[in-house]
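# Quick one: sequence plus predicted model below, questions after.
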Amino acid sequence: MRTKGIIWVLIVVFSLFSNVSQSLAFSIGEERAIGEKLLYSVRSTFDLVEDPDIVQYINNLGQTVLEVTGIQFFNYHFYVINNKAFNAFAAPSGLIFFYSGLIATMDSEDELVSVMAHEIGHTVKRHLAARVEKGKYSSIASLGLALAAIAFGGAATPALLAGALATGQSINLHFSRQHEEEADLLAYGWMKKMKRTPEAQAKMLGSMRRIARYRSDQLPQYLLTHPNPEGRLHYIESLLDIDEQSIKENSVVTDDFEFLRFKYRILSKVKDIQLFKTFLLRKVADKNGTNFSKNMALFGLSQVARVENDRKESLELIKKVIAAFPKKNILKTDMAIIEGESGHFDIAERTFKEALKRDTEDMYAAFNLATLLRKIGENSEAEKYFKIVESQLPEFSQVYFELGKIASDNKQQGKAQFYLGKFDLYEGKLKLAEINFRHAMRHKKTPDEMKKESKELLMKIKKMRS
């Protein structure tokens, strides 16, 4: 058993529940308003990985954490950023970001949940509200800069630093030791409530400690904004010692299929493809590897082959994976996408529709079905499925671009400009959004409900700029 100072842990736990006077920079209402503005600047600030399956997985997982955290003040949104850095962060009003480089270091869903719960803990305790200077982030431009400052550091690049100085912004990027302990303790308790093992939390802190030791000359931003991995690891290990028996009795083994599929889908899109391919081939060849890990590596290789436009190889590999996991229906959607790219349109369409019969909320299948239908000239049917995606994923900017193209094909200019306005809005291009909404309002044949929404969104843009 580990012996990391149980008495010290009890003292720390007691101190976390003592009354600490903390002057917050802004109220909950003000933070909500800032969060709403940030929603429209996220895509102009970061390169997001936004395929519907990735968006749905990370947000559904986030909701499972929120189910055990009690009443929340904010609507949470979870994002994956295409960046090889070891980083994650919480922005105001429940916006939480994970870098692909951090996800690449994880081996299990429980590890992802531990980081997710930690960032939610910062939001619940409103630590960020205590770090941001009030009144500095009213405009969408300054909010985007603040978001980048939180993610990359105030001096991450000369341009960012110059911009921050020019607008008079200041932000304390370092969470205090007390803030880190509070977020760690909340994450630990929530993982126990979810019947997930907090051992994963210790594993992630161990990874942070190794990185801190071997890259001390250039620490990742996550270790700068979330300091002291050594002390935090000892603290969590001491809690694990205390709870060893109850954790053993109550923790449930997590099926990591969804997590590894999510991880490999991301890495096939953002990582050096040859390095990733070598990593997967080693997994397949590992004599000590499990059948599960080898079959998941085959899935990753199917995605690599797809990126390399080797559709025959991609199709052969995904069929092997389906044979290994016959009940994992999302794999059939993966196969349908490859079939469609191979020109087997009838097979792909039928498979997508079967996936939607099994799960009407599968927006991965719905979006790819709509894309296929548009490709083969079935615009009316495609529009129906794009509208379903719009209703389920209203922040997914690409769906508005597709709807705009269909409207343009149908010579519905006012409708096309409305959808392109929404695309520009969610891409953070406010000037273009404003132009398109004004054109949509002036066009005689624009539907009344779209004119009304255009007017409301123009007012929102005006408010964001004020």
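All right, it came through fine. Predicted model only: the values in this text are computed from it and were never measured.

# Look up how far residue 105 lies from the most centrally placed residue in the chain.
Nearest to the mean C-alpha position of the chain, counting by CA atoms, centre = their mean, stands residue 79 at 2.1 Å. Counting by CB to CB, to the nearest Å, the separation of residue 79 from residue 105 is 18 Å. All C-beta atoms are positioned from the backbone trio N, CA, C, and that covers glycine.

# what's the answer for residue 414, then?
49 Å.

# before we move on, the earlier item: skipping adjacent residues, who's closest to the residue nearest to the centre of the chain in space?
Computed as CB to CB, 6 or more residues apart in numbering, the closest residue to residue 79 that is not its neighbour in sequence is residue 97, at 4.9 Å.

# Tell me which helix or strand residue 315 sits in.
Using DSSP states H and E, residue 315 maps to helix 311-324.

# sorry, back to before: need the CA coordinates for the helix or strand where the residue nearest to residue 79 lies. PDB is fine.
Assigned by DSSP H and E, residue 97 belongs to strand 95-99. Extracted in PDB, the C-alpha atoms of strand 95-99 (Å, rounded to 0.1, in the frame of the first residue of the first chain):
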ATOM      1  CA  LEU A  95     -16.500  26.000 -22.600                       C
ATOM      2  CA  ILE A  96     -14.000  23.200 -22.200                       C
ATOM      3  CA  PHE A  97     -11.200  22.400 -24.700                       C
ATOM      4  CA  PHE A  98      -9.000  19.300 -25.200                       C
ATOM      5  CA  TYR A  99      -5.900  19.400 -27.500                       C
END
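
# what mean pLDDT does that strand have?
Across strand 95-99, pLDDT averages out at 92.

# Point out the other helices and strands that the next helix or strand after it packs with.
Using DSSP H and E, the helix or strand that follows strand 95-99 in sequence is helix 100-104. Applying 3 or more CB pairs under 8 Å, 6 or more residues apart in numbering; DSSP states H and E, one finds that helix 100-104 makes contact with strand 77-81, helix 257-270.

# how about JSON lines for these, with mean pLDDT and distance to residue 230 added?
Formatted as JSON lines, the helices and strands packed on helix 100-104 follow (pLDDT from 0 to 100; distance: least, CB to CB, whole Å):
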{"stretch": "strand 77-81", "mean pLDDT": "95", "distance to residue 230": "27"}
{"stretch": "helix 257-270", "mean pLDDT": "96", "distance to residue 230": "27"}
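
# deepest of the ones you listed, which one?
Mean neighbour count (mean count of other CB atoms under 10 Å) peaks for strand 77-81 among the helices and strands packed on helix 100-104, with a mean of 22.

# quick one: whatever helix or strand comes next after that strand to chain centroid distance?
Following strand 77-81 in sequence order, the next helix or strand is strand 88-91 (DSSP H and E). For strand 88-91, the distance from its own C-alpha centre to the chain's C-alpha centre is 10 Å (CA atoms, centre = their mean, to the nearest Å).

# Direction included, what does strand 88-91 pair up with?
strand 95-99 (antiparallel) (DSSP bridges).

# Just the angle for the strand it pairs with relative to helix 257-270, thanks.
Put simply, strand 95-99 runs at 70 degrees to helix 257-270, going by axes from the mean of the first three to the mean of the last three CA atoms, to 10 degrees.

# Now render the helices and strands packed on helix 100-104 as TSV, adding distance to residue 203.
Formatted as TSV, the helices and strands packed on helix 100-104 follow (distance: least, CB to CB, whole Å):
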stretch	distance to residue 203
strand 77-81	20
helix 257-270	14
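
# Of those, which is nearest residue 124?
strand 77-81 (14.9 Å; CB to CB).

# Against which helices or strands is that closest one packed?
Counting by 3+ CB pairs under 8 Å, 6+ apart, strand 77-81 packs on helix 52-66, strand 95-99, helix 100-104.

# rewinding a little: doesn't residue 58 make contact with the residue nearest to the centre of the chain?
Yes - shown here, residue 79 and residue 58 form a contact pair, counting by CB atoms under 8 Å, at 7.4 Å.

# buried residues in the helix holding residue 315?
By neighbour count on 16 or more other CB atoms under 10 Å, the buried set for helix 311-324 is 311, 313-315, 317-318, 321-322, 324.

# Can you tell me which of these is nearest residue 332?
residue 322 (6.6 Å).

# Excluding residues flanking it in the chain, which one is nearest that closest one?
residue 331 (4.9 Å).

# How many neighbouring residues does that neighbour have?
21 (other CB atoms under 10 Å).

# and the gap between residue 78 and residue 64?
Going from residue 78 to residue 64 by CB to CB gives 11 Å.
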